[in-house]
Every structure is written in structure tokens, then in C-alpha cells.
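can you look at this prediction? I've put the sequence above it.
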Amino acid sequence: MQSTEWQRVENPDFGYAVRIPRGWDERPPNLKNSPWETVRFGDPADRRHSVIVFRQAVRPGRSALELAELVQPSLESAGFTDFEITESGLGGKSGALLRCARHDAGRTWAVSEYIVVEGKVSFCLGCGTSIPDEDETLFARMAEGFELIG
């Protein structure tokens, strides 16, 4: 993978900063997709990948792995399959990684959702791509650069 130049986008209202590739643009959340969306990012020159940041209140004591398991049925109802939930990290904190894909007409849309719980709030860096082999490292680096602030 070529060297990536990064830009840091801070969202103090929601308590995080995300590192995205320079040149990607910020888009408003699609609240019809989820009321927990805070922002979307994408490459205006390449629509094969995008990122959404979700933030929501959670019940005390709930783990990131539990949240990933709770998200799975809604993704299944949207046509996603090939689920894999593992321990992972987001912004240097322990969490979960949910991976799945939707297959349609010979195309694949692969999703990697990095989830972390901080107190009574969960954060999810939801990454989607039609070129998963090329974007796996990019998304992992974005998850490493995610910061909880405030």
C-alpha cells in the first residue's frame, strides 16, 4: 500500500477525533441509516470505500463484544453474511471488531466495525469497502488513530 497522508478531524461535541486520509471529505450523518451516526467520511474521487462514526449510550457493564453481537441481527436483516467477531482495539483501547459482507450481483460490500466502550458510551468506527483486501490495512490504521477526547 502506498504511503498515506493523514488529517485529524476532531468532534468535541461527541468526544472523539478520527484520523482519515487527506483528501477525504466530511459528510453529514444519515440518521435514516442509524440515529447514532455522527459523521460520514469518503474519498470524493473513489466511492469504493467510506467510513461512519457512531456514538451511543450503553448500559453500564456492557462490553464491546456484547455490542458487536447485538448489532449482528440488524446487519443480517440488511443482507450481510460471513460474520466474524473478534477482540480488537480502537484508539488504543480494548474493544471488538465485527466483520461481515453483503454479496449482490457479483459484487461485495465488506464492513469492518471497530467498537469500544468508554463508561456509559460506545464508539464505533464503521468502515465499508468494495475492495476489502486493499482497504484492510487502511482501516486498521484509522482505528489505531481514533482518539477519545474531552
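Noted; the coordinates are in hand.

what residue in this structure is the furthest from its centre?
Residue farthest from the centre of the chain, counting by CA atoms, centre = their mean, is residue 105 at 24.6 Å.

quick check on it: phi, psi?
phi 50, psi 40 (degrees, to the nearest 10).

what sits against residue 147?
Applying CB atoms under 8 Å, 6 or more residues apart in numbering to residue 147 gives the contacts 16-18, 91. Any C-beta I mention is one placed from the backbone N, CA and C, and that applies to glycine too.

show me these that map onto strands.
16-18 (DSSP state E).

mark which of the residues you listed are buried, thanks.
16-18 (16 or more other CB atoms under 10 Å).

strand partners (parallel or antiparallel) of the helix or strand containing residue 55?
Take DSSP states H and E as the rule and residue 55 turns out to sit in strand 46-57. Here strand 46-57 is paired, per DSSP bridges, with strand 37-43 (antiparallel), strand 121-129 (antiparallel).

report the buried residues of the longest one.
Going by neighbour count (16+ other CB under 10 Å), the buried part of strand 121-129 is 122-129.
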